[in-house]
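1. Show me how the following folds:
(one chain, ligands or ions: 1)
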Amino acid sequence: MAANTVRRRGTDSSGRGIFATDYMWSWWKRVCKDLGVTPVITQGAWMVKNGGGAKASAGYHDGGGTFDLRVWNLTDAQVAKVVRTCRRYGAAAWLRNLEHGGFTDPHIHFVLPTDTGLSPGARWQWSEYLAGRDGLASRGRDYHWRPDPLVAKPPPGRKPVRELEVGMWNLRVGRDPAVVVSEVRQFLDDRDLDVLLVSEAYQYVGALRKALKGKYRVGTFWARGKSARDSAVISRVGLRTGRRYLHRLERKGWERRPGRKGLHWARSAVSRNVAGIRFIARHDPPGPFGPRFPLRKLANETSFRTMTRLGRRLNKAGRPWVDGPDKNRLKSDPVSQEFLDATGATAYGSGIDWAAASGVKVSDMRTHDFGTSDHRPKTFTVTKETR
Ligand SMILES: [Zn+2]
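-> This is a model prediction of the structure:
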């Protein structure tokens, strides 16, 4: 098992190698992440690889599961926190000093019992800890905070997310924000969604952000104008998210409806990594694409080209992606087909609100009779492919 592989992780302050198994090292990184600081290791495990441990350590460090940590650079409160955190993560940890063990060089010593190859001394210390003692030869009472119940095994880490429930919805401009917000909230709840891709949302993202606070993140470009906040990637709080990206779909704009002056502003897409998948909220410029509206046709095609470049870039980076909701073009259209061919993506759903995805499996695409937008929302399940 790779978890048992012992590797050198660095050099301690005495110039000796710091050794630990992959298992213990990933445990240690979790503890440090929780602590928010990385204590200095003054003696690692597997000291046999350095020709044996410090005399004062009585061979405890010869095998797996034991580290010593520097304390002179920590406050008393920090020392207590390190001890507590190690204990909450299933290790026996003690501050050793003159008073406890007669150590002239104070340090925190801990034993992680679930590591492999513990020395007999380290095993004994663990059993002493379980029995409420201090792990010293004098066999005194434990002198630190003890978890109740005692933690004898590291708590399970966050499980990797395999399946996400995703929705997409063009919200339609010019509606009462209060209505839109309550519909979106209900839709998220009813469908228990992890991610919702929305468009035509610039009038609502502020209210949505407020209403969904603590439950969902509204990923958009808030302060960068209508176009930048027209789309948003809404994701459940608790899912790992990365930074947001703004994609200018095209730059010219297009003819408004007959009778309206000037051009419609050029649209943008917003994307964000959620649980390791790049979700893209896009809304391609609308038709009709006939000879009376040459700019509309151009804008939509340019937008598809922008998305093609993005898709290829993500493929190259090995990043799975999903896009939606509104492409203003059927998936059977040549422009759509060209996009799908060039990116290797698969299209799901029908009408102009279809999704494209690459590197993930999409299943159970459904259209819902819900809400008062002129578009009906869709949902689907995204499953990560195991590599
Ligand atoms: Zn030690």
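2. got the domain boundaries for the protein?
-> Here the chain is described, according to automatic domain parsing, as comprising the domains 2-130, 163-384.
3. Nearest to the ion, out of those domains?
-> For the ion, the closest of the domains of the chain is domain 2-130, at 3.4 Å, according to Cβ to the ion. C-beta: built from backbone N, CA, C; applies to glycine.
4. can you give me how far the closest one is from the chain middle?
-> Relative to the chain's own centre, domain 2-130 is displaced by 29 Å; criterion: Cα atoms, centre = their mean, to the nearest Å.
5. Name the residues of stretch 265-282 that are buried.
-> Counting neighbours by 16 or more other Cβ atoms under 10 Å, one finds that the buried residues in stretch 265-282 are 266-282.
6. And for stretch 23-34?
-> Within stretch 23-34, the residues that qualify as buried are 23-25, 27-28, 30-31, counting by 16+ other Cβ under 10 Å.
7. In JSON lines, list those along with pLDDT.
-> As requested, those are arranged in JSON lines below (pLDDT from 0 to 100):
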{"residue": "23", "pLDDT": "94"}
{"residue": "24", "pLDDT": "96"}
{"residue": "25", "pLDDT": "94"}
{"residue": "27", "pLDDT": "95"}
{"residue": "28", "pLDDT": "96"}
{"residue": "30", "pLDDT": "91"}
{"residue": "31", "pLDDT": "94"}
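8. what ranges of the stretch 251-387 of the chain fall below the confidence cut-off?
-> 385-387 (pLDDT under 70).
9. And for residue 143, the neighbour number?
-> Neighbouring residues of residue 143 were enumerated by other Cβ atoms under 10 Å; the total is 12.
10. Format the domains of the chain as TSV; extra columns: distance to the ion.
-> Shown next, in TSV, are those (distance: least, Cβ to the ion, whole Å):
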stretch	distance to the ion
domain 2-130	3
domain 163-384	35
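11. Looking at those, which is nearest to residue 151?
-> domain 2-130 (4.7 Å; Cβ to Cβ).
12. right, so of the domains of the chain, which gets closest to residue 146?
-> Of all these, it is domain 2-130 that lies closest to residue 146, at 7.0 Å by Cβ to Cβ.
13. Tell me how many other residues crowd residue 184.
-> Here the number of neighbours of residue 184 (other Cβ under 10 Å) works out to 28.
14. Pull out the buried residues from the host helix or strand of it.
-> Taking DSSP states H and E as the definition, residue 184 sits inside helix 177-191. Neighbour-count burial for helix 177-191 flags 180-181, 183-184, 187-188, 191 (criterion: 16+ other Cβ under 10 Å).
15. just the helices in the stretch 1-150 of the chain please.
-> For the stretch 1-150 of the chain, the helices identified by DSSP state H, counting those that start in this stretch occupy 22-35, 76-88, 120-130, in order along the chain.
16. packing partners for the shortest one?
-> Spelled out, that is helix 120-130. Helix 120-130 sits against strand 92-96, strand 107-111, with contacts defined as 3 or more Cβ pairs under 8 Å, 6 or more residues apart in numbering; DSSP states H and E.
17. Go again with 6 Å.
-> The helices and strands touching helix 120-130, judged by 3 or more Cβ pairs under 6 Å, 6 or more residues apart in numbering; DSSP states H and E, are strand 107-111.
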